[in-house]
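Student: based on what follows, work out the 3D shape:
(2 chains)
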Amino acid sequence: EPEVTQTPSHQVTQMGQEVILRCVPISNHLYFYWYRQILGQKVEFLVSFYNNEISEKSEIFDDQFSVERPDGSNFTLKIRSTKLEDSAMYFCASGLAANNEQFFGPGTRLTVL
Amino acid sequence: GQNIDQPTEMTATEGAIVQINCTYQTSGFNGLFWYQQHAGEAPTFLSYNVLDGLEEKGRFSSFLSRSKGYSYLLLKELQMKDSASYLCAVRVRNSGYALNFGKGTSLLVTP
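Tutor: Numbers count the residues shown, from 1 in each chain, chains lettered A, B, ... in the order given. Coordinates of the predicted model:
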């Protein structure tokens, strides 16, 4: 069964460094999302992406964040200058259509020191 | 804004039935989703309701009342592996189809 994949599974970085989290959505899906979950807290929406542009972004998704679909398969989240509070599990999700269920990847655990 | 409420924790016995409630307050409601999340893992889709009524999928059923802003997830014939967090999520029109999650209900199934 097709699934969303994410790399790396764990990322440790120093405060102020740039990180890129990578996702490969399910191949025929058209809608892509990033969510994050700080340890012990709820899953929070960051950004949705369709037709090569951002559809919606939350207040969390400030100028330090950006997303890109550099080719036909990858979907990336970049954090330009990481802060301690960016430490969280980052989930990528994809959906076939806008009103379909979203399938989540296994996540990347980001630790900012 | 949106407000999604669900109980923090529940405990049930193997083989029993458990109902996890979720209430929400939102404008532009466009669907309610239930996800299961085991510790340290990704949320896994369980069910979706956009119209009032009951949706059944095997041991799992989900109910929605839009007028009451209320949903529940019903788990039958509980198994130990059902111990997990159950997340209620609401989708809102004109939100880029983002899911807004509740804090989740941690379910412990005991022998």
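
Student: need the nearest residue in space to A:Pro106, chain neighbours excluded.
Tutor: Nearest residue to A:Pro106, sequence neighbours excluded (CB to CB, 6 or more residues apart in numbering or on different chains): B:Ala42, at 5.1 Å. Placement of C-beta: from N, CA and C, glycine included.

Student: tell me what A:Val43 is bridged to.
Tutor: Bridge pairing for A:Val43 (DSSP bridges) gives the partners A:Gln37.

Student: ignore what I typed, I meant B:Leu87.
Tutor: B:Tyr35.

Student: next, count neighbours for the residue nearest to A:Pro106.
Tutor: Residues near B:Ala42, counting by other CB atoms under 10 Å in any protein chain shown, number 23.

Student: just give me the neighbour total for the closest residue to A:Asn52 other than its chain neighbours.
Tutor: Spatial nearest neighbour of A:Asn52, excluding adjacent residues (CB to CB, 6+ apart): A:Arg69 at 6.1 Å. Look at A:Arg69: counted by other CB under 10 Å, it has 17 neighbours.

Student: how much space separates A:Arg69 from A:Arg22?
Tutor: 11 Å (CB to CB, to the nearest Å).

Student: same deal with B:His38?
Tutor: Per CB to CB, B:His38 is found 23 Å from A:Arg22.

Student: quick one: find the helix or strand in chain A with the lowest mean pLDDT.
Tutor: Sorting the helices and strands of chain A by mean pLDDT, DSSP states H and E puts strand A:53-57 at the bottom, at a mean of 93.

Student: whether that strand contacts chain B - can you check?
Tutor: Yes: using CB under 8 Å from any CB of the partner chain, strand A:53-57 reaches chain B at A:54-57.

Student: still on that earlier bit, what residues are shared contacts of A:Arg69 and A:Arg22?
Tutor: Shared contacts of A:Arg69 and A:Arg22, defined by CB atoms under 8 Å, 6 or more residues apart in numbering or on different chains, comprise A:75-76.

Student: re the thing from before, more neighbours, B:His38 and A:Arg22?
Tutor: Just comparing B:His38 and A:Arg22: by other CB under 10 Å the higher neighbour count belongs to A:Arg22, 17 against 13.

Student: quick one, what contacts residue 8?
Tutor: Looking at chain A here, since you left the chain open. Contacts of A:Pro8 (CB under 8 Å, 6+ apart): A:21-22, A:108.

Student: the chain in question should be chain B.
Tutor: Counting by CB under 8 Å, 6+ apart, B:Thr8 has contacts B:103, B:105-106.

Student: ok, so of the residues you listed, who is nearest chain A?
Tutor: B:Lys103 (4.6 Å; CB to the nearest CB).

Student: which one is the closest one nearest to, not counting chain neighbours?
Tutor: A:Lys42 (4.6 Å).

Student: what does A:Ile54 give?
Tutor: A:Val47 (5.9 Å).

Student: residue 88: neighbouring residues, count only.
Tutor: You didn't say which chain, so I picked chain A. Neighbour count of A:Ala88, defined by other CB under 10 Å: 22.

Student: wait, I meant chain B there
Tutor: The local packing of B:Cys88 (other CB under 10 Å) involves 27 other residues.
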